[in-house]
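Enquirer: need a structure here:
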Amino acid sequence: MSDAARRKENVPALTPYLILGFIVLLLALVARAPASLLQKAVPASLPLQVSAWGGTLWHGQAEFRQGPEAGFLRWDLQPSRLLRGRLGFSTRAQGALQLSGTVDLGLGGWRLQGLRGDVPVRFFQSLLPPGWSLPGSLEAEQVMLARQGLGNGAWAAASGGLRWAGGAMQYNLSGQPQGATLPPLQALLRLDKETLVVTLGEAAGTLAEVRIAPDGTVETRLRERLLRYSNRTSGADPDAVVVTSTQKPR
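Expert: As a prediction, this is how the structure comes out:
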């Protein structure tokens, strides 16, 4: 057998070792890469300020802040995601946020999955219409969100929900401040084409709906059922939308 034939036979035998060597090299590079490289993957529209990156892509942390509220986000790389050409992390937030879940990043977008924990309602203040105020916190239950691209791309998936213990809610109606004491409610996430929809409701039905468009525009719809808690009922269909508010991205 000629030397050329022997080399041709050896190529398939060497292929698994070449693939293994490439994977080992890739893991070594990721293990040494600084965590600050993830800064470019943070969406510009994120209401949180993220800084003080420390550690590596494999195991690192960063500080987050929104106004006076602050805390730390820590993560660990999931190496199996690298085989799919994506970065996958198990994450946990401590401080003002008490959350855990997994984050998946790639050229096609990002996915947040299995999110559980407590989020103070004030972290969602930028999504609420002017004059709105809710006390307490929301308990996330297996929340999943996915979006195309790393900027203002279309929403790709949404599921799960958040529970609110209830309390005194403040809101504006026709420019006048109003108040209502609400029972425990649940906010459910779903997708309407490319728009993220969050419905706030009770057992009897929906009280309010928040629609977040890909460009960041937030539309809030209040239903007659909500007004009945503030003794402002008009006797109309409880599911009728009585107030609509739209906020453009800042």
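Enquirer: Can you list the low-confidence ranges for this protein?
Expert: Where the chain drops to pLDDT under 70, the residues are 1-31, 43-47, 150-151, 174, 231-235, 250.
Enquirer: Now do the helices in it.
Expert: 3-32, 224-227 (DSSP state H).
Enquirer: Packing partners of the last one?
Expert: Here helix 224-227 touches strand 205-212, going by 3 or more Cβ pairs under 8 Å, 6 or more residues apart in numbering; DSSP states H and E. For every residue, glycine as well, the C-beta is placed using N, CA and C.
Enquirer: in its sheet, what does the strand it packs on sit against?
Expert: Strand 205-212 has the following strand partners under DSSP bridges: strand 195-202 (antiparallel), strand 218-223 (antiparallel).
Enquirer: send the alpha carbons of the last one over as PDB?
Expert: This means strand 218-223. What follows is strand 218-223, C-alpha atoms only, in PDB (Å, rounded to 0.1, in the frame of the first residue of the first chain):
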ATOM      1  CA  VAL A 218     -45.900  49.700  26.100                       C
ATOM      2  CA  GLU A 219     -49.700  49.700  25.800                       C
ATOM      3  CA  THR A 220     -51.800  49.200  29.000                       C
ATOM      4  CA  ARG A 221     -55.500  48.300  28.900                       C
ATOM      5  CA  LEU A 222     -57.800  48.600  32.000                       C
ATOM      6  CA  ARG A 223     -61.000  46.600  32.100                       C
END
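Enquirer: can I assume G117 is in contact with G95?
Expert: No - in this structure, G117 is not within contact of G95 by Cβ atoms under 8 Å, at 11.7 Å.
Enquirer: who's more crowded, the two?
Expert: A side-by-side neighbour count of G117 and G95, using other Cβ atoms under 10 Å, places G117 first with 18 against 13.
Enquirer: Can you name the residues that contact that one?
Expert: Going by Cβ atoms under 8 Å, 6 or more residues apart in numbering, G117 touches A93, L97, Q98, L99, S100, E139, A140.
Enquirer: Quick check: the fifth one vs Q247, distance?
Expert: According to Cβ to Cβ, to the nearest Å, S100 and Q247 sit 30 Å apart.
Enquirer: do the fourth one as well
Expert: Taken as Cβ to Cβ, the spacing of L99 relative to Q247 amounts to 25 Å.
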